[in-house]
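1. just the structure for this:
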Amino acid sequence: MRRQDFFEHQVQSLKGLVQRWHASGGTDISLEARVRGIVARDIMSVAGPEVSVRVLGELDVLEADRLQDMITLCSQSFLRTDAVWNAFAVPVAVHWHMQHHRIYIAKRAEPYYLHEMAAGIRQCLGAERVVLDGA
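-> Residues are numbered from 1 along each chain as shown. Purely as a prediction, here's the structure:
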């Protein structure tokens with residue numbers, strides 16, 4: 001399959017899913033999960049959210065609003081009246097302990113190191129607050 005054909009297939013697939021999800025009034029959980037998965041992968045792609053952006057231009061207003069809400073949810077940027085909140089993942093040292101039969105268990109990061117890392121991020125970004133979860 002040529003790249004352009006594959007891209008068109010992705011666009012038509014996402015468009016159809018969003019239209020069906022919208023027709024269900026947003027209540028079809030399986031369609032919502034499929035749309036979320038496609039949008040999340042599209043956002044993380046090297047080229048950026050090409051498929052989602054193209055589909056936005058092909059939907060009617062209400063369907064496009066539903067897709068835009070999903071894009072916002074997946075990008076984890078929340079616009080508030082006085083701030084913008086961004087969620088991001090920070091890899092923290094993971095300690096691997098080997099057990100019998102090659103089963104591995106990961107332990108969460110120690111709270112002391114998370115506080116230290118949060119302070120560094122806060123200082124570098126000039127953020128008012130940084131919250132890291134060690135779960």
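2. what helix or strand is residue 42 located in?
-> Per DSSP states H and E: residue 42 is located in helix 29-44.
3. what packs against whatever helix or strand comes next after that helix?
-> For helix 29-44, the following helix or strand on the C-terminal side (DSSP H and E) is helix 50-56. Under the contact definition 3 or more CB pairs under 8 Å, 6 or more residues apart in numbering; DSSP states H and E, helix 50-56 sits against helix 3-23, helix 29-44, helix 61-75. Quick note: C-beta positions are derived from backbone N, CA and C, even for glycine.
4. distance to residue 81 added to those, as TSV?
-> Formatted as TSV, those follow (distance: least, CB to CB, whole Å):
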stretch	distance to residue 81
helix 3-23	28
helix 29-44	25
helix 61-75	16
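5. need the ones you listed in CSV (columns: distance to residue 127 and mean neighbour count).
-> Putting the helices and strands packed on helix 50-56 into CSV (distance: least, CB to CB, whole Å; neighbours: other CB atoms under 10 Å) gives the following:
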stretch, distance to residue 127, mean neighbour count
helix 3-23, 33, 15
helix 29-44, 22, 16
helix 61-75, 18, 15
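6. good, we can wrap up now.
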